[in-house]
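Return atomic coordinates for the entry below.
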Amino acid sequence: MTRLSSFVHLHVHSEYSLRESTLRIPDLVAGAAAFGMPAVAITDTSALYGAVAFYQAARKAGIKPLLGVQLRVAGLAAAETGVSATNRRKTVLSPALDVAVLLAEDFGGYQNLVRLVTLAHGRREIYVTMAELALHREGVIALVGGGESHILNAFANGRREVAEQWLTAWQ
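Next up is the predicted model:
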C-alpha cells in the first residue's frame, strides 16, 4: 500500500457519530497503520464515547491517537450576522451556531473536551457557547472554517465583513 507517513487525518467520524459514519474504530486504526500514518484523530459529533477504545487501539498499533470532537458553538448575536430586524427574535431564541472541530493537545485538553461535551448536552439543543469555550480552552485546538461553518458560508456568499466578525469571535 501507499505510504502516507506525513499525512494525518484530523477530522474522522467513527461509528459513534451515529448519523454520519459507520467506520468502526478497529478499521480506522488498521487503515491508518496500513498507510503508515503516524497519527489519526477521532472527532465524533457532540460525543467522546469512542475515545477510550480508540486511544487503546491506536496505541496498540503504534499510532498516536488524537482525541477530539465536532461541536456546534453559539457565536455572534443576530445583529452581527446580518439578520433583519423582523427575523431577529427567531435568531435570539435559536442562537447562531457555528461548527468547530476541537482537538485535545494534551490530557488537560481532553479533560476540557469532556467538560465542553457535558455542557453541550445540558441543553435541549446540543451546543456550547463562546464563553464556555473560552473558560475551557486550555489544551484545546480549534479547527474552524470547514464546510458547515459560518465563516466559509459568509465568504462564499460575498459577506466578507460577517466572515471577519466570526473569525474575530474565534480568536
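
Count the neighbours of Leu28 for me.
Residues contacting Leu28 under the criterion other CB atoms under 10 Å number 24. In this view, the C-beta of every residue, glycine as well, is placed from N, C-alpha and C.

for Arg124, that is, sorry about that
4.

looking at this, it is in a helix?
No. Assigned with DSSP: H, G, I helix; E, B strand; the rest coil, Arg124 falls outside any helix and is coil.

That one and Ala100, how far apart?
Distance, Arg124 to Ala100, by CB to CB, to the nearest Å: 20 Å.

May I have the predicted confidence score for Ser46?
Looking at Ser46, its pLDDT reads 94.

For it, give me phi and psi.
phi 60, psi 20 (degrees, to the nearest 10).

Gly68 is in contact with that one, correct?
No. Ser46 is beyond contact range of Gly68, at 11.8 Å (criterion: CB atoms under 8 Å).

Specify which residue of those two has the higher count of neighbours.
Of the pair Ser46 and Gly68, Gly68 is the one with more neighbours under other CB under 10 Å, namely 26 against 18.

list the buried ones in the longest strand along the chain?
Criterion DSSP state E: the longest strand present in the chain is strand 64-74. By neighbour count on 16 or more other CB atoms under 10 Å, the buried set for strand 64-74 is 65-74.

biggest separation within those residues, which pair?
Of all pairs drawn from the buried residues of strand 64-74, the one with the longest distance (CB to CB) is Pro65 and Ala74, at 29.0 Å.

where does the chain dip in pLDDT?
1-5, 76-96 (pLDDT under 70).

if I look at the residue nearest the centre of it, how far off is Trp170?
The centre of the chain sits closest to Val101, judged by CA atoms, centre = their mean, with a distance of 1.9 Å. From Val101 across to Trp170, the span is 12 Å (CB to CB).
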